[in-house]
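Asks: below are the sequence and a predicted model for it; my questions follow.
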Amino acid sequence: MLIGSTVAGVLLFALLCLLVTLNLMERSRLASTRNEIASIDRRLRTIAAEQAKLETVLQKPENAQVLDRSLFLNSLIYRKGISWTKIFADLEEILPHNVRVISIRPSNAQNQIVLQMTVGAEQTAPLRELLIKLENSESFGHVAVPTIMPPSQSEPLYRYNVNVNYAQKL
């Protein structure tokens, strides 16, 4: 009994030493992580202060006209950067032969191109096939169908309004 207790005591003491060593190593790692976070936080504050200075310069009344013109030109350049030829080429690859594109309008939402399309077909099966192909395509992403319009006397096609993310590859 005495020998068993001694062995158990030695094992528990060794385990205690191991836990103390692991705790000390974890403390040193935690300290280095805190130092890195503090360094990154200081850089972030420096960058935020520089940005605030630049924004105050841009917000001055004498610079307002230049800022407005710059924003206008940047938006024109960004809109011009959307290639209609590339959009139609990508659509041509996945569009079933019996589906028609009735209208298409690109829009920029949070630096992402979203195509708002109206597509039509005589049956709903080709339209569902188009939606599946859009979802599985590399150029297109998430698909949303806000409205579905059945055929009417003036329009003999099923029409889907489709919003799809578009990742144009140049």
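Replies: Structure received. Numbering: from 1, shown residues only.
Asks: going forward, measure contacts between C-alpha atoms and count neighbours the same way
Replies: OK.
Asks: sticking with His142, tell me its helix or strand.
Replies: For His142, the host element (DSSP states H and E) is strand 140-149.
Asks: run me through the strand neighbours of the following helix or strand past that strand, direction for each.
Replies: Where DSSP H and E defines the elements, the next helix or strand beyond strand 140-149 is strand 158-166. As defined by DSSP bridges, the strand partners of strand 158-166 come to strand 113-121 (antiparallel), strand 140-149 (antiparallel).
Asks: so Ser107 touches Ile82, yeah?
Replies: No. With contact defined as CA atoms under 8 Å, Ser107 does not count as touching Ile82 (9.7 Å).
Asks: where is the longest helix in the protein?
Replies: helix 2-58 (DSSP state H).
Asks: what's it packed up against?
Replies: The helices and strands touching helix 2-58, judged by 3 or more CA pairs under 8 Å, 6 or more residues apart in numbering; DSSP states H and E, are helix 61-80.
Asks: and the helix it packs on, which residues are buried?
Replies: Under the neighbour-count criterion of 16 or more other CA atoms under 10 Å, helix 61-80 has nothing buried.
Asks: list the contacts for the residue positioned nearest the centre of the chain?
Replies: Nearest to the geometric centre of the chain sits Gln112, at 7.8 Å (CA atoms, centre = their mean). Residues in contact with Gln112 (CA atoms under 8 Å, 6 or more residues apart in numbering) are 165-167.
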